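Chemist: Sequence plus predicted model, see below.
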Amino acid sequence: MAHSGKVAGILVMIDCLLDTRLGTIAKLDTELARKVVSSETYFTREEDRFEGVNDILFKNAYLTRDKSTLTHSVMTAMVSGWLRGMINQLKEQALTGPEHDRVRVDVNIYPYQFSDEEKDELCKVLKFRLDGENADPAFGHLLTVEVIDKPIEQLTPQFCKASYGAMVMYDPWTWMNTHFYPEVFETAIRLPEVLLYAPRIYFDRKPTAAELKEFEMQFRMQASVKPPDQFTWIEMRASPIVGITLVPPAYFSSSVRHRVDSAA
């Protein structure tokens with residue numbers, strides 16, 4: 001094993017580990033949430049718009065989500081799938097390479113209020129899930145899970161650049177708009193080497209067919225090539241700031257289909 005003394009840090013928002021979108025709907029109407037999660041379109045959506053759910057009511061409820069929302073939420077598919085896979089790769093590198101000796105996952109619980117006991121329990125459960133049920137206990141020290149409680153304003157580019165090699169956010173655009181607004185854009189610290197993972201979802205609104213056609217025409221006029229799809233274009237535009245990769249929303253959605261549990 002290498003002994004670099006370095007840690008591979010990963011920041012994960014709790015709203016990525018738990019499907020609080022579905023939890024928000026379940027708080028409004030449990031039966032409606034069951035219908036939403038039983039639809040395949042929920043897992044392939046391009047917007048946070050859900051059949052039978054009032055858009056304004058959902059947005060207001062999501063903005064004011066609290067710990068009771070978590071009790072209606074279930075774990076997302078990323079925990080035992082994609083995220084665990086990333087961590088397994090980093091643990092393997094810790095054993096064989098010089099870059100780092102261990103992996104640390106910081107779970108940002110903001111905006112929820114947790115007791116110390118709840119924080120400890122969250123860390124234990126998540127470590128168990130990410131290590132894998134059949135993980136060799138001899139390598140348990142390779143992964144640590146910790147809780148942080150920081151609003152977006154405190155997740156500064158300086159802090160993130162110094163602390164993490166990867167970040168997982170459901171809404172990275174609010175973070176970018178907070179720290180890279182026009183008045184500071186030229187002088188703000190960039191972190192293109194940090195990998196930022198987010199869902200392939202439009203957070204403003206999905207472009208209309210006419211807007212997509214106009215984009216294609218303008219792109220061809222300027223570059224004389226076929227334009228990329230909209231999500232690839234978003235990644236390209238953000239790349240000077242951070243190395244963003246947009247992944248299928250199914251990873252950020254319930255790992256349990258066709259039913260809604262009462263607790264995560």
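Modeler: Received, thanks. Residues are numbered from 1 along each chain as shown.
Chemist: Need the contact partners of the helix or strand bottoming out on mean pLDDT in the chain.
Modeler: Of all helical and strand segments in the chain, the minimum by mean pLDDT, DSSP states H and E falls on helix 209-223, at a mean of 73. With Cβ atoms under 8 Å, 6 or more residues apart in numbering as the test, helix 209-223 has contacts from 207, 225-227, 230, 233. In this view, the C-beta of every residue, glycine as well, is placed from N, C-alpha and C.
Chemist: Okay, strands next: where are they in the stretch 51-200 of the chain?
Modeler: 102-108, 143-148, 166-168, 191-199 (DSSP state E, counting those that start in this stretch).
Chemist: Dihedrals phi and psi, the most centrally placed residue in the chain?
Modeler: Residue closest to the mean C-alpha point of the chain, counted by Cα atoms, centre = their mean, is M169 at 3.1 Å. Phi and psi for M169, reported as degrees, to the nearest 10, are phi -130, psi 140.
Chemist: isn't it right up against P199?
Modeler: No. Counting by Cβ atoms under 8 Å, M169 stays clear of P199, with 9.2 Å between them.
Chemist: show me where pLDDT drops low in the stretch 151-264 of the chain?
Modeler: The model of the stretch 151-264 of the chain has pLDDT under 70 over residues 219-220, 223-225, 257-264.
Chemist: ok, now with 50
Modeler: Counting by pLDDT under 50, the stretch 151-264 of the chain has low-confidence residues at 259-264.
Chemist: just the stretch 1-150 of the chain next, same as before
Modeler: 1.
Chemist: can you give me the helices for it?
Modeler: Assigned by DSSP state H, counting those that start in this stretch, the stretch 1-150 of the chain shows helices spanning 14-17, 20-28, 30-37, 55-63, 67-71, 82-96, 116-131.
Chemist: Could you count how many residues lie near the nearest residue to T69 once chain neighbours are set aside?
Modeler: Distance criterion Cβ to Cβ, 6 or more residues apart in numbering; nearest residue to T69, sequence neighbours excluded, is G23 at 4.7 Å. Burial measure for G23: 26 neighbouring residues, criterion other Cβ atoms under 10 Å.
Chemist: and what of Y251?
Modeler: 20.
Chemist: Leaving out the residues flanking it, which one is nearest to it?
Modeler: Among residues not flanking Y251 along the chain, M78 sits closest, at 4.2 Å (Cβ to Cβ, 6+ apart).
Chemist: you'd agree that neighbour is up against S253?
Modeler: No. Using Cβ under 8 Å, M78 is not in contact with S253, being 9.0 Å away.
Chemist: now the end-to-end length of stretch 149-159.
Modeler: This stretch, stretch 149-159, spans 14 Å end to end (Cα to Cα, to the nearest Å).
Chemist: how close does M236 get to T20?
Modeler: Per Cβ to Cβ, to the nearest Å, M236 is found 29 Å from T20.
Chemist: beta partners of D106?
Modeler: L11, E146 (DSSP bridges).
Chemist: Just say helix, strand or coil for K206.
Modeler: On the three-state scheme (DSSP: H, G, I helix; E, B strand; the rest coil), K206 is labelled coil.
Chemist: what about the residue nearest to it when sequence neighbours are not counted, how many residues close to it?
Modeler: In this structure, K206 finds its nearest non-sequential neighbour in E47, 5.1 Å apart by Cβ to Cβ, 6+ apart. Neighbour count for E47, taken as other Cβ under 10 Å: 13.
Chemist: I'd say the residue nearest to T69 and S73 touch.
Modeler: Yes. Assessed by Cβ under 8 Å, G23 is found in contact with S73 at 3.1 Å.
Chemist: How many neighbouring residues does the nearest residue to G5 once chain neighbours are set aside have?
Modeler: Residue nearest to G5 in three dimensions, not counting chain neighbours: D101, with 6.4 Å by Cβ to Cβ, 6+ apart. Neighbours of D101 under the rule other Cβ under 10 Å: 19.
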